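[1] My questions are about this predicted structure, shown below with the sequence.
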Amino acid sequence: MNLGETDNDDPIERLRAGARVYRRPEKQPDCPDEDRLRMLVPGLLDHGEADELLSHAAECDWCGTVLREAVQDLAEPATAEEQEMAGKARLANARNRRSLARRLAPPEGLFQQIAGGLALWWRRAAVGLVAAAAVGGACYQFAWVGSTTATARLLAQAYSEKRSMEMRLPGASYSQVHVERGTERSLFSASNPLAEAVPYIKHGTEAHPDDPNWLHLEGTADLIAGDYDKAIPELERARSLRPTDTGILTDLGAAYFQKAEAEKSEDSKYYQLAFEALSKGVRLNNEDATLAFDYALAAERISVVHVAREAWETYLRLDSTSPWAAEARQHLNDLKKNSTSSGSTPNAQPQRP
Amino acid sequence: MPRGEPGSDDPGQNGRAAECARTEPLDLKRVAGLAGLGVDEETPEDLLRACANTNNWRAWEHFIRTFNTLIVATVSRVGRRHLEIRPDVRDDIVQEVYLKLSANQARLLRDFVPLFPDSAFGYIRIIAERVAQDYFKSKNYKRFQESSADRLDVAIPNRTDWDLLIREVDDWLRQHVSERDRRIFWLYCRQGMSAKEIAALPAFNLTVEGVESVLGRLGRLLRESFRRGECAASEGNAVKKSFLR
């Protein structure tokens, strides 16, 4: 097709012509697993992951090629010619089929092992049903146990059940802050959803040590548990693997912020690091309310008053009705009062989103 | 391993996921019955479970009958890309696919979690494609590649101009269109996917006409913007002029 024009000087067609000549499909360190790309074709991935993979494949010549070929190989049903081919293939013969089937079925002695695997499947299914019920009783919101999506929900639930920080985490619903200063929450004595998420995260990071999704979840779990020294390097690694993921940037900013809070020093360098991570996130997506909230909070802490004021105002434009908005409004009012009384001036000029 | 997505915006997808949720948990009696009798009315997802969870070769025989045409078709398509169409090679790869599926007590089948009815077909094809790709890679087959000069009836920009234009167009897209439309644009313009191929991706939830409409609109907006010089960086103007001659 042609994008609306037909002459040979059409810029879009020249862009495509250039792509045919200059594309260099070379695998990059941040390229995703190719099977995940293939899973886009039958629609076997959740929306979040599908969006990320498509954004990557649109710009990466290697992954774009894998995706294009996967569509060509997998999207269309077998043609008449291919059906005819299958009809003449070796396994069209019943004897050959039976012979292969006997090779594929495991010998009797292995049945117990398989039954063990099945029991494990049952246990995981049972845990999943309980977790899904706890998440909201919304049975239509079915989550597969142990997936990154289901684990992220458990973490969001853990955060909301006992919110221990002012910072927001993506996907978590509102609750009031319960401050537990000086007491670090252990992953094993923590709220149930957090403890429940831990084995999934452990399994996920062991099975996929370089998967930014699992690294992100691992860092978030440590952040919720109050282990900021572990959370920061985990989230930094996730960021290095997926630098434009605003969810990772949000949690990384929150981890730095909490580290600074734990130091109880107003000029902690970690406030600045939190602000930088969140600024980057806001530059990538200035319509994400969670990011906007955390960004405003970080700006406030490093005393960039005019940036903080603008940031809270921006937040309230994105969300003016939720309980989070009430907190944002309170922050904004406090800032206005303080700036009128003390006339504070900014001590830093960070890059604005 | 494929996973379900509970928060889907797509009502169809949600419906399918919910339907799968309703069919859980595994009906052992049904699976055992299938494994023993090889009945045809069971779902393909049941069939995968039967092969994964029992040691009945009849289940595998039924599996081969059900999936063989798709596996042969998928392997053939990958083979054509590597200029390999000999039936005996294709049959060897098809057999490799089954061996892969049954390896480690059928781990791949046990790992499979159905997201919607008939998702087993997509899953098995993915494994077949991967096995075929691995086969050709291990045998150092050369891939058939369309010659760069084929089908080019427009002037080709020089590399520097093309790189600059890519960057400028991407900046413009990021500022003016949705992320979905930006992805569609680059899958078409850079990765060379056709509107039909893009529409085949369920994540976009668009028909071929829908994709063409997005591309047509973006094309018009982009040209208009270039002509007005709206998004022009100073050095980029020269590039655009050369493109817009």
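    The structure has been received and is ready for your questions.
[2] Quick one: distance of stretch B:106-125 to the chain centre.
    In terms of CA atoms, centre = their mean, to the nearest Å, the centre of stretch B:106-125 is set 15 Å apart from its chain centre.
[3] What segments of the stretch 251-353 of chain A are helices?
    The residue ranges that make up the helices of the stretch 251-353 of chain A, judged by DSSP state H, counting those that start in this stretch, are A:269-284, A:289-301, A:305-318, A:323-342.
[4] Roughly how far does A:Met167 sit from A:Ala78?
    53 Å (CB to CB, to the nearest Å). Quick note: C-beta positions are derived from backbone N, CA and C, even for glycine.
[5] actually A:Leu235, sorry about that
    With CB to CB as the criterion, A:Leu235 and A:Ala78 are 46 Å apart.
[6] Please say which of the two ends up with more neighbours.
    Relative neighbour count places A:Leu235 above the other of A:Leu235 and A:Ala78, with 29 against 19, counting by other CB atoms under 10 Å in any protein chain shown.
[7] What helix or strand is the more buried one located in?
    For A:Leu235, the element it lies in under DSSP states H and E is helix A:228-241.
[8] now what about that helix, what contacts it?
    Applying CB atoms under 8 Å, 6 or more residues apart in numbering or on different chains, the external contacts of helix A:228-241 come out as A:30, A:210, A:212, A:215-216, A:218-220, A:222-223, A:245, A:248-249, A:251-252, A:255-256, A:258-259, A:262, A:277.
[9] now the residues you listed: which count as buried?
    Buried positions within the contacts of helix A:228-241, assessed by neighbour count (16 or more other CB atoms under 10 Å in any protein chain shown), are A:212, A:215-216, A:218-220, A:222-223, A:245, A:248-249, A:251-252, A:255-256, A:258-259, A:262, A:277.
[10] remind me which residues of chain A are low pLDDT?
    Low-confidence segments of chain A, defined by pLDDT under 70, are located at A:1-11, A:106-146, A:179-191, A:340-353.
[11] what about the residue in it sticking out farthest from the centre, distance to chain B?
    With distances taken from the mean C-alpha point of chain A and given as CA atoms, centre = their mean, the most distant residue is A:Arg95, at 49.3 Å. Computed with CB to the nearest CB, to the nearest Å, the distance linking A:Arg95 and chain B is 11 Å.
[12] so which helix or strand takes in that residue?
    Assigning secondary structure by DSSP H and E places A:Arg95 in helix A:94-104.
[13] who's in contact with that helix?
    A:90-91, B:51, B:57-58, B:60-61, B:63-65, B:68, B:95, B:98-99, B:101-102.
[14] Buried among those? Need that as a selection in ChimeraX.
    Of these, the buried ones go into a single ChimeraX selection, burial set by 16+ other CB under 10 Å:
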select /A:90,91 /B:51,57,58,60,61,63,64,65,68,95,98,101,102
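[15] So which of the contacts of helix A:94-104 are in helices?
    Members of those lying in helices (criterion: DSSP state H): B:51, B:57-58, B:60-61, B:63-65, B:68, B:95, B:98-99, B:101-102.
[16] What residues sit buried inside stretch A:17-37?
    The neighbour-count criterion (16+ other CB under 10 Å) identifies A:17-20, A:22-23, A:32, A:34-37 as the buried residues of stretch A:17-37.
[17] Looking at the residues you listed, which one is closest to chain B?
    A:Gly18 (3.8 Å; CB to the nearest CB).
[18] contacting residues for the closest one?
    Taking CB under 8 Å, 6+ apart as the contact definition, A:Gly18 lies against B:156-157, B:161-162, B:165-166.
[19] Can you lay out these as a markdown table showing pLDDT, secondary structure and distance to A:Gln83?
    Written out in a markdown table, the entries for the contacts of A:Gly18 read as follows (pLDDT from 0 to 100; DSSP: H, G, I helix; E, B strand; the rest coil; distance: CB to CB, whole Å):
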| residue | pLDDT | secondary structure | distance to A:Gln83 |
| --- | --- | --- | --- |
| B:Ile156 | 71 | coil | 41 |
| B:Pro157 | 70 | coil | 44 |
| B:Asp161 | 81 | helix | 47 |
| B:Trp162 | 81 | helix | 42 |
| B:Leu165 | 83 | helix | 45 |
| B:Ile166 | 87 | helix | 42 |
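[20] Save the residues you listed as JSON lines, and put in distance to B:Ala199 and neighbour count too.
    Listed next are the contacts of A:Gly18 as JSON lines, based on distance: CB to CB, whole Å; neighbours: other CB atoms under 10 Å in any protein chain shown:
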{"residue": "B:Ile156", "distance to B:Ala199": "28", "neighbour count": "16"}
{"residue": "B:Pro157", "distance to B:Ala199": "28", "neighbour count": "21"}
{"residue": "B:Asp161", "distance to B:Ala199": "31", "neighbour count": "18"}
{"residue": "B:Trp162", "distance to B:Ala199": "27", "neighbour count": "20"}
{"residue": "B:Leu165", "distance to B:Ala199": "26", "neighbour count": "21"}
{"residue": "B:Ile166", "distance to B:Ala199": "24", "neighbour count": "18"}
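[21] measure A:Ala299 to A:Pro77 for me?
    For A:Ala299, the distance to A:Pro77 under the criterion CB to CB works out to 55 Å.
[22] Can you pull the phi and psi angles for the residue of the stretch 51-200 of chain A found nearest chain B?
    Residue nearest to chain B within the stretch 51-200 of chain A: A:Gly64 (3.3 Å; CB to the nearest CB). Dihedral angles of A:Gly64 (phi, psi; degrees, to the nearest 10) stand at phi -60, psi -40.
[23] Then B:Thr43?
    Backbone dihedrals for B:Thr43, given as degrees, to the nearest 10, come out at phi -80, psi 160.
[24] and the residue lying closest to it once chain neighbours are set aside, how many neighbours does it have?
    In space, and not counting its chain neighbours, B:Thr43 is closest to B:Pro117: 6.6 Å by CB to CB, 6 or more residues apart in numbering or on different chains. The criterion is other CB under 10 Å. On that basis, B:Pro117 has 15 neighbouring residues.
[25] Could you give the backbone dihedrals for B:Pro117?
    Summarising the backbone geometry of B:Pro117 under the convention degrees, to the nearest 10, its torsions are phi -50, psi 140.
[26] I'd say it and B:Glu45 touch.
    Yes: using CB atoms under 8 Å, B:Pro117 and B:Glu45 qualify as a contacting pair, with a distance of 7.5 Å.
[27] Now do the buried residues in whatever helix or strand B:Tyr188 lives in.
    Secondary structure here is read from DSSP H and E; on that basis B:Tyr188 sits in helix B:179-189. By neighbour count, with 16+ other CB under 10 Å as the criterion, the buried positions of helix B:179-189 are B:180-189.
[28] Give me the subset of those residues that also touch chain A.
    Among these, the residues that sit close to chain A (CB under 8 Å from any CB of the partner chain) are B:182-189.
[29] domain parsing for the chain?
    I went with chain A, as the question did not name one. If you go by automatic domain parsing, the domain ranges for chain A are A:11-74, A:130-342.
[30] right idea, wrong chain: chain B
    Residue ranges for each domain of chain B read B:11-138, B:159-244, as given by automatic domain parsing.
[31] Redo those as JSON lines? Include distance to A:Ala172.
    Supplementary listing: the domains of chain B in JSON lines, determined by distance: least, CB to CB, whole Å:
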{"stretch": "domain B:11-138", "distance to A:Ala172": "22"}
{"stretch": "domain B:159-244", "distance to A:Ala172": "23"}
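[32] so which of those domains gets nearest A:Ala289?
    domain B:159-244 (17.2 Å; CB to CB).
[33] returning to that earlier point: can you redo the ones next to chain A among the buried residues of helix B:179-189 as a markdown table with pLDDT?
    Output for those, formatted as a markdown table (pLDDT from 0 to 100):
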| residue | pLDDT |
| --- | --- |
| B:Arg182 | 95 |
| B:Arg183 | 95 |
| B:Ile184 | 95 |
| B:Phe185 | 95 |
| B:Trp186 | 95 |
| B:Leu187 | 95 |
| B:Tyr188 | 93 |
| B:Cys189 | 91 |
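[34] With respect to A:Gly204, which of those residues is nearest?
    Nearest to A:Gly204 among those, counting by CB to CB, is B:Arg183 at 26.5 Å.
[35] The closest one touches A:Glu52, doesn't it?
    No: B:Arg183 lies out of contact with A:Glu52 (CB under 8 Å); the separation is 10.5 Å.
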